[in-house]
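[1] pasted the sequence and its predicted model underneath.
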Amino acid sequence: MKKTFGIIGAGNIGQTVARHLIKAGHPVILANNSGPDSLKEIVQSLGAAAKAGTIQEAAQADIVLLSLPWSQVPTLAGVTDWTGRVVIDATNHFITYAPEFKVEDLGGKASSEVVASLLPGARIVKAFNTIFYKTLAEDPAVSGGNRVLFVSGNDQPAKSEVMSVIESLGFAPIDLGSLGEGSKLQQAKGALATLNLVKF
Ligand SMILES: NC(=O)c1ccc[n+]([C@@H]2O[C@H](COP(=O)([O-])OP(=O)(O)OC[C@H]3O[C@@H](n4cnc5c(N)ncnc54)[C@H](OP(=O)(O)O)[C@@H]3O)[C@@H](O)[C@H]2O)c1
């Protein structure tokens, strides 16, 4: 049976990933800050496999995707018991947007390590954060190759599960290693951030 994804943050990235997941047969529960009623049209446009839920409902799905603004991640700390939950962190630690794109000073920590500390016990996998959403929305099959998505995490089974899902969507997952090392390469301002690569 396909896993259900709880998507917390139903904007550009949340909807884009939802479309890929639905195409691959995964049901999704979308949640935002404004509440389920505000998501009626979006859910309708995504089709029968999508439903709107509360943040709590999305947080209790089989796999959770964080696609909300960085500044809002701390609000998720108490919404559920995160112990053992597979959580994909697609956030970037921007504190301002265009034209400055300033990132928060995390004192040398990876942004996903900060997320992990805010959601105790969650099995954090960093993914879906490097590519502009409009590019991510495109067909991942490109000229006989597959668009690359970088993946990092300290929990190997959780990372393998997320990589299998990514592969099933038609992307080429590339394991960069741990949150402490790999995710720093893919996070905002990292060497691999914003790259749009195709694996042949
Ligand atoms: N845009 C990109 O191309 C891109 C690419 C990679 C990664 N990212 C990262 O993905 C995240 C989302 O970016 P985006 O462009 O998708 O943003 P966006 O279009 O502005 O959407 C943000 C979503 O988060 C929801 N939200 C805000 N505060 C929330 C809270 N406290 N609890 C639950 N949901 C909340 C918003 O709900 P309301 O509408 O109700 O306020 C909205 O659905 C950011 O961390 C960003 O850095 C973005």
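    The structure has been received and is ready for your questions.
[2] helix or strand for the closest residue to residue 32 other than its chain neighbours, just tell me which one.
    In this structure, residue 32 finds its nearest non-sequential neighbour in residue 10, 4.3 Å apart by CB to CB, 6 or more residues apart in numbering. All C-beta spots, glycine's among them, are computed from the backbone N, C-alpha and C. Of the helices and strands defined by DSSP states H and E, none includes residue 10.
[3] what about residue 10, distance to the ligand?
    Between residue 10 and the ligand the computed distance is 4 Å (CB to the nearest ligand atom, to the nearest Å).
[4] tell me how many other residues surround that residue.
    Applying other CB atoms under 10 Å, we find 28 residues neighbouring residue 10.
[5] I'd say it and residue 42 touch.
    Yes. Assessed by CB atoms under 8 Å, residue 10 is found in contact with residue 42 at 6.1 Å.
[6] now list whatever residues contact both of those two.
    Here residue 10 and residue 42 share the contacting residues 30, 52, scored by CB atoms under 8 Å, 6 or more residues apart in numbering.
[7] how close does the nearest residue to residue 88 once chain neighbours are set aside sit to the ligand?
    Distances taken as CB to CB, 6+ apart put residue 65 closest to residue 88, at 4.7 Å, once the chain neighbours are dropped. According to CB to the nearest ligand atom, residue 65 and the ligand sit 10 Å apart.
[8] residue 65 should be in a helix, yeah?
    No. Read with DSSP: H, G, I helix; E, B strand; the rest coil, residue 65 is strand and lies in no helix.
[9] what sits against it?
    By CB under 8 Å, 6+ apart, the residues touching residue 65 are 5-9, 14, 17, 87-88, 90, 128.
[10] quick revisit: now the residue nearest to residue 32: phi and psi?
    With angles defined as degrees, to the nearest 10, residue 10 sits at phi -110, psi 40.
[11] just the pLDDT for it.
    Looking at residue 10, its pLDDT stands at 98.
[12] and what of the one 10 residues further on?
    Looking at residue 20, its pLDDT is 98.
[13] and the residue of the protein closest to the ligand?
    Closest residue of the chain to the ligand, CB to the nearest ligand atom: residue 11 (1.9 Å).
[14] could you measure from that residue over to residue 17?
    Residue 11 sits 11 Å away from residue 17 when distances are taken as CB to CB, to the nearest Å.
[15] can you pull out the helices in the chain?
    12-23, 40-46, 55-59, 111-118, 133-136, 156-168, 182-186 (DSSP state H).
[16] which of the ones you listed sits most buried?
    Of all the helices of the chain, helix 182-186 has the most neighbours on average by mean count of other CB atoms under 10 Å, namely a mean of 24.
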